[in-house]
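Asker: here is a sequence together with a model predicted from it:
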Amino acid sequence: MNNSLYPIFLKLETLSLLIVGGGKVALEKLDSVLGNSPDTVIKIVAKEIIPEIRALQSQFPNIKLHERAYNDTDFDTVDLAVIAVNDIVLAGQIRDCAHQKSVLVNIADKPDLCDFYLGSIVKKGNLKIAISTNGKSPTIAKRLRETFTEIIPDEMDHILDNMQNIRNQLKGDFNYKVKELNKITTQYLSDGKIPPAQSEMEIEKLISITKTAQRKANIYLAIIGILLLFGILGLVVYHFNLSGDIQYFLNKDGHIFYWMLFAGFMAEIVAGSMGMGYGVICTTILLLLNVPPPVVSASIHSAESFTTAAGSFSHYKLGNVNKKMVWVLFPLAIVGSVIGALTLSHYGEEYAHIVKPVIACYTLYLGINILRNAFKSKKSNPVKTKRRTNLRLLGLAGGFIDSFAGGGWGPLVTGTLIKEGRIPRYVVGSSTVAKFLLTITSAVTFIFTIGIHHWNIVLGLLLGGVFTAPFSAMLTSKLPTKKMFIVVGIVVIIMSLISIIKSFM
């Protein structure tokens, strides 16, 4: 038999519903209605009403209970009826009475007698999907609901809001609007958990999205860099006439300023091509130059305050930021960053012989991961676990590691969320905004604990990255991604091993 049902979504809260029956089955139907349309006017008529239903009345004043036998007049003021009685003969009589009053009826567990079915409803914000098996198997419908609820990303409601805004802003005739919306929705679906026929690795999705934001961020970075450079030089030279001090500033600590220009250049190239790795590259280079661990992290976070600000603004303008995810991630991420910064500030110098190899081992681990990503099979599509990572704990761990080790937020937090199957564009954008907030917190914490004597390192990292930014996206677009992963992974591994060996010598 063909399925002749036509699914319709009712604005049930504008209608009135009668439920005949007050037992467990009536409670199940009532839960389904309240879960989707909690303000629906519901009249329940039954000789006996169980305590669970009575308890719901205290939460939902729109439920009216009548503990008595039904009568024909109960159908006079209702639009729909659900019959949840155990007597099939009585259910048939009630159905006939309802039909005389032109009221459609659903009879529990009797699909042949139903005028409509209560489907299993998948809900993700404003998205609803009704599932029906034409009365054949409610259990299958329930299992499908659970499956769809799991695989549809939590960011779907944010996508719907974006689509509504875009639709309202589009100009032109109906055909043009449909064409443009089709293009946009195709892009959204390709970012979702259901992979296209020729799926790419999650990390490559991350790269593509980050490059888009990078092109926007480069403009802001260039402006920041030029203003910063001329501002600092103008103040120092004009007001203080300290050209000799500038020369000393640039050459002190073994000309580390020029090394930092190189480190900033390399880190920006890596970040522009891979979407992550700025902190990893800077940390490995600074450790190799015997810079104390607290100064390493303080310098990197001070410089990253500018780059993450530009990236955050870029992602926000592109509509890649899920505000709910940011609000969940960043409070404990900030707590973690403060704990990490304080721990490193107080113990980094005294126990440098322990802290430095620990951080070097961590960057070695990140280097191995980068190298492993280079050889990951594109066809691999691992089954994603149903259990989602606790975002607050993930933010806490990411904030601590990022402050303590000088980097690691991207590989840990962004990488974990991408692997869980969340939509990459929102993961990257939201993670970048949260990273900006914890970077500012970490930089301020280090300033109050170890001071600002590391500005030659900060300025070198910042200028190296800023002046590279306008060209990094153009350059990295011409570089093969896999070879970039291999080169960067090998370089990070070698530098980390050298740092580990030097710390024990």
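Answerer: Received, thanks.

Asker: hang on, residue 152 packs against residue 128?
Answerer: No - between residue 152 and residue 128 there is no contact under CB atoms under 8 Å: 10.9 Å. No exception for glycine: its C-beta is placed from N, CA and C like everyone else's.

Asker: in the protein, which helix or strand is least confident?
Answerer: helix 202-234 (a mean of 61; mean pLDDT, DSSP states H and E).

Asker: quick one: residues in contact with the host helix or strand of residue 397.
Answerer: Using DSSP states H and E, residue 397 falls within helix 391-405. With contact meaning CB atoms under 8 Å, 6 or more residues apart in numbering, helix 391-405 is reached by 279, 283, 297, 301, 325, 328-341, 343-344, 359, 362-363, 408-409, 412-413, 416-417, 434-435, 438-439, 442, 445.

Asker: which ones among those are found in helices?
Answerer: Among the contacts of helix 391-405, DSSP state H puts 279, 283, 297, 301, 325, 328-341, 343-344, 359, 362-363, 409, 416-417, 434-435, 438-439, 442, 445 in helices.

Asker: filter the residues you listed down to the buried ones, ChimeraX style.
Answerer: Selection of the buried residues among these in ChimeraX, burial being defined by 16 or more other CB atoms under 10 Å:
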select :279,283,297,301,325,328,329,330,331,332,333,334,335,336,337,338,339,340,341,344,359,362,363,409,416,417,434,435,438,439,442,445
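
Asker: may I have stretch 298-308 as CSV, with CA atoms only?
Answerer: What follows is stretch 298-308 as a C-alpha-only set of coordinates in CSV (Å, rounded to 0.1, in the frame of the first residue of the first chain):
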residue,chain,number,x,y,z
ALA,A,298,54.0,36.4,27.4
SER,A,299,55.6,37.5,24.1
ILE,A,300,53.4,35.3,21.9
HIS,A,301,50.2,36.3,23.6
SER,A,302,51.0,40.0,23.5
ALA,A,303,51.7,39.7,19.7
GLU,A,304,48.7,37.5,19.1
SER,A,305,46.4,40.0,20.8
PHE,A,306,46.6,42.0,17.5
THR,A,307,46.4,39.1,15.0
THR,A,308,43.5,37.4,16.8
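
Asker: hmm, back to that, after the helix holding residue 397 comes which helix or strand?
Answerer: Next helix or strand after helix 391-405 toward the C-terminus (DSSP H and E): helix 409.

Asker: output the contacting helices and strands for that next one.
Answerer: Under the contact criterion of 3 or more CB pairs under 8 Å, 6 or more residues apart in numbering; DSSP states H and E, helix 409 touches helix 391-405, helix 424-450.

Asker: what does it contact?
Answerer: For helix 409, the external contacting residues (CB under 8 Å, 6+ apart) are 279, 398, 399, 401, 402, 431, 435, 438.

Asker: residue 437 versus the residue nearest the centre of the chain, what's the distance?
Answerer: With distances taken as CA atoms, centre = their mean, residue 427 lies nearest the centre of the chain, 3.5 Å away. Noted for residue 427: a distance of 16 Å to residue 437, by CB to CB, to the nearest Å.

Asker: can you check residue 22 too?
Answerer: 53 Å.

Asker: which of these two has more neighbours?
Answerer: Counting neighbours by other CB atoms under 10 Å for residue 22 and for residue 437 shows that residue 22 has the greater number, 24 against 19.

Asker: helix, strand, or coil at that one?
Answerer: Using DSSP: H, G, I helix; E, B strand; the rest coil, the structure places residue 22 in coil.

Asker: I figured it hits residue 51, correct?
Answerer: No - with contact defined as CB under 8 Å, residue 22 does not reach residue 51; the gap is 10.3 Å.

Asker: what about the stretch 101-250 of the chain, any weak spots by pLDDT?
Answerer: By pLDDT under 70, the low-scoring segments of the stretch 101-250 of the chain are 154-155, 184-226, 228-230, 232-250.

Asker: show me where the protein has its strands.
Answerer: Applying DSSP state E to the chain gives strands spanning 16-20, 41-46, 63-67, 80-83, 104-107, 120-124, 127-131.

Asker: tell me which of these lies nearest to residue 369.
Answerer: strand 120-124 (31.5 Å; CB to CB).

Asker: sort out which residues of the closest one are buried, please.
Answerer: Residues 120, 121, 122, 124 are the ones in strand 120-124 that count as buried (16+ other CB under 10 Å).

Asker: report the two of these separated the most.
Answerer: 120 and 124 (14.1 Å).

Asker: list the residues that contact the closest residue to residue 127 other than its chain neighbours.
Answerer: Of all residues not flanking residue 127 in the chain, residue 156 sits nearest, at 5.2 Å (CB to CB, 6 or more residues apart in numbering). Each residue near residue 156 by CB under 8 Å, 6+ apart is listed here: 124, 125, 127.

Asker: between residue 152 and residue 128, which one's more packed in?
Answerer: Neighbour totals were compared for residue 152 and residue 128, and residue 152 leads with 18 against 12 (other CB under 10 Å).

Asker: phi first, then psi, for that one.
Answerer: Dihedral pair for residue 152: phi -80, psi 120, per degrees, to the nearest 10.

Asker: please name the nearest non-neighbouring residue to it.
Answerer: In space, and not counting its chain neighbours, residue 152 is closest to residue 124: 5.0 Å by CB to CB, 6+ apart.

Asker: quick check: that neighbour vs residue 178, distance?
Answerer: With CB to CB as the criterion, residue 124 and residue 178 are 24 Å apart.

Asker: and if you look at residue 262?
Answerer: 52 Å.

Asker: do residue 417 as well
Answerer: The gap separating residue 417 from residue 178 is 33 Å, by CB to CB.

Asker: ok, residue 64 next?
Answerer: According to CB to CB, residue 64 and residue 178 sit 45 Å apart.

Asker: do residue 449 as well
Answerer: Taken as CB to CB, the span from residue 449 to residue 178 is 58 Å.

Asker: which of these two has more neighbours?
Answerer: More crowded of residue 449 and residue 178, by other CB under 10 Å: residue 449, with 15 against 12.

Asker: isn't that one right up against residue 341?
Answerer: Yes - counting by CB under 8 Å, residue 449 does reach residue 341; the two are 6.9 Å apart.

Asker: any stretches of the stretch 401-505 of the chain with poor pLDDT?
Answerer: For the stretch 401-505 of the chain, the stretches with pLDDT under 70 are 419, 421, 424, 452-455, 465-482, 484-485, 503, 505.

Asker: repeat for the stretch 251-400 of the chain
Answerer: Scanning the stretch 251-400 of the chain with the threshold set as pLDDT under 70 gives 251-255, 268-277, 307, 310-311, 348-353, 373-374, 376-388.
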